[in-house]
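S.K.: Sequence and computational prediction follow.
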Amino acid sequence: MEKFFKLKEHGTTVKTEVLAGFTTFMTMAYILAINPSILSATGMDPTAVLIATCLASFVGTMCMAFMANLPFALSAGMGLNAYMAYTVVLGMGYTWQVALLAVFIEGIIFILLSLTNVRETLFNAIPLELKKAVSVGIGLFICFIGLQNAGLAVDGATLVELVDFKASFHTSGICALLAILGVILISIMYIKKFPGAIFFGILAVWAIGIILQLVGVYIPNPDEGFYSLIPSLSFPDFSKLGLTLGECFDVNLKDVGIFNFIVVIFAFLFVDLFDTLGTLIGVSAKADMLDEEGKLPQIKPALLADAIATTVGAIFGTSTTTTFVESAAGVGVGGRTGLTAFTTGALFLVSTFLAPIFIAIPSFATAPALIVVGFMMASSVTEIKMSEENYTSAIPAYLCIIAMPMFYSISEGISFGVISYVLLNLACGKAKKINPIMYVLAVLFILKYIFL
């Protein structure tokens, strides 16, 4: 372990790293319940998606451990899975097989880009204020998804409004109340620094829901999307993986149209490129692993591990696999090397045998995790200088933050931030502070709006 992970050099021990790995897993294990819920909207089998998520998380996190020796864990990225399900499939009308093939191809492209300095250059070119803003914006975006999954935020006359708790109390009403309870429980445990607060909060809310079902307060109604909360204890059906494994190659591009497919690839490319950079920025910033210039040591192998994970994940049958901000939880308890990631990856592999349990976790139990994780990421807003002399950076940061939840897109937030940063600094005579790469990014984003 010393040879692989250089523990003494990083001032850590095996015990500390393993504990950090368990902590990271417990804080991000909610993805095993949420990802199947989101991707099943495309018609994919939830059990197959869950097993694919476990395997992709295992491979990606192990790559991060041995290639970059960083304590970061990877899994199906929040926001990216929503983009695949709700934008590419449900919005654009493509099949999930087409979407997976697009993810696979852009993963290959990212591997090639990661072998060069392109992605590293893009990462370093983004100003520190925008990097902080990306973390905050992703936090608000994830929180908004959590509010929707909980049934707290619903369609209304004002576009979004609070759910009516009295209407359908035994289904949507009680689920929304349990989600609020979950936010309170997780927040208390998080404040008390209880290890695995998010994971155990999910389990606690789920357990309360089961009790309420047994006493008749919660009444399952499959026709309205409210199912039994009692999990199946059967052995996981690994044959389900065959429903998604390699399906990304079973696509007839003639039915899709080459031009249309290229558009999908470029859409994924833009979203994934800046979502991945954004998430990695958020993780690094939250874990305080950026240097004084806002750069991340060993960024190149970290990006390569991320790209490999995306490619392999598409073959397994899940959306883009990326670095998780919850990795900061492991860093917070002392994780400093790839041994933390190795431990987390091993736990993801073990999780494949617990598939029937994870698939039964309801969205109202996992939604509080998203809301609290959103707070964790949004806390970086205090590190953005809002003083008058810094307005040319602060205003783009603000636009970046609000665009992500408002437009339901991480890449749109980065786009608004980059374009406004370049334009404001140019107009205010501060062109010297603009990295030349930012001009290129601004032009690319503008062209995206014109042609995509």
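M.R.: Ah, there it is.

S.K.: How about the contacts made by residue 439?
M.R.: residue 422 (Cβ atoms under 8 Å, 6 or more residues apart in numbering). From N, CA and C alone the C-beta is placed, and that goes for glycine too.

S.K.: Please give the element, helix or strand, for it.
M.R.: Assigned by DSSP states H and E, residue 439 belongs to helix 436-451.

S.K.: Which residue, other than its chain neighbours, is closest to residue 355?
M.R.: Nearest residue to residue 355, sequence neighbours excluded (Cβ to Cβ, 6 or more residues apart in numbering): residue 236, at 3.8 Å.

S.K.: Also residue 248?
M.R.: Nearest residue to residue 248 in three dimensions, chain neighbours excluded: residue 100, at 3.7 Å (Cβ to Cβ, 6+ apart).

S.K.: Would you check how far apart the residue nearest to residue 355 and residue 98 are?
M.R.: Separation of residue 236 from residue 98 (Cβ to Cβ, to the nearest Å): 27 Å.

S.K.: Can you get me a residue count around the residue nearest to residue 248?
M.R.: Look at residue 100: counted by other Cβ atoms under 10 Å, it has 30 neighbours.

S.K.: Check the separation of the first and last residues in stretch 248-256.
M.R.: Distance between the two ends of stretch 248-256: 13 Å, counting by Cα to Cα, to the nearest Å.

S.K.: So what's the gap between it and the chain middle?
M.R.: Relative to its parent chain, stretch 248-256 has a centroid offset of 27 Å by Cα atoms, centre = their mean, to the nearest Å.

S.K.: Sketch out the low-pLDDT regions of the stretch 151-300 of the chain for me.
M.R.: Applying pLDDT under 70 to the stretch 151-300 of the chain picks out residues 196, 255, 267, 270-271, 274-276, 278-279, 282-283, 285-288.

S.K.: Now do the strands in the stretch 301-450 of the chain.
M.R.: Ranges of strands within the stretch 301-450 of the chain are 321-323, based on DSSP state E, counting those that start in this stretch.

S.K.: where does it have low pLDDT?
M.R.: In the stretch 301-450 of the chain, residues with pLDDT under 70: 359.

S.K.: what comes up buried for stretch 352-362?
M.R.: Neighbour counts over stretch 352-362 (16 or more other Cβ atoms under 10 Å) mark 352, 355-362 as buried.

S.K.: ugh, typo on my part, it should be stretch 222-238
M.R.: 226, 229, 236.

S.K.: How about stretch 23-41?
M.R.: Neighbour counts over stretch 23-41 (16+ other Cβ under 10 Å) mark 23-40 as buried.

S.K.: Also stretch 439-447?
M.R.: Residues 441-442, 445 are the ones in stretch 439-447 that count as buried (16+ other Cβ under 10 Å).

S.K.: where's it relative to the chain centroid, distance-wise?
M.R.: Once both centres are worked out by Cα atoms, centre = their mean, stretch 439-447 turns out to sit 25 Å from its chain's centre.

S.K.: CA atoms only: put that stretch into CSV for me.
M.R.: Taking C-alpha atoms only, stretch 439-447 is exported to CSV below (Å, rounded to 0.1, in the frame of the first residue of the first chain):
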residue,chain,number,x,y,z
TYR,A,439,-12.1,34.1,-25.4
VAL,A,440,-12.1,30.7,-27.2
LEU,A,441,-14.7,29.3,-24.8
ALA,A,442,-16.9,32.3,-25.1
VAL,A,443,-16.9,32.1,-28.9
LEU,A,444,-17.6,28.3,-28.7
PHE,A,445,-20.6,28.9,-26.3
ILE,A,446,-22.0,31.5,-28.6
LEU,A,447,-21.6,29.2,-31.6
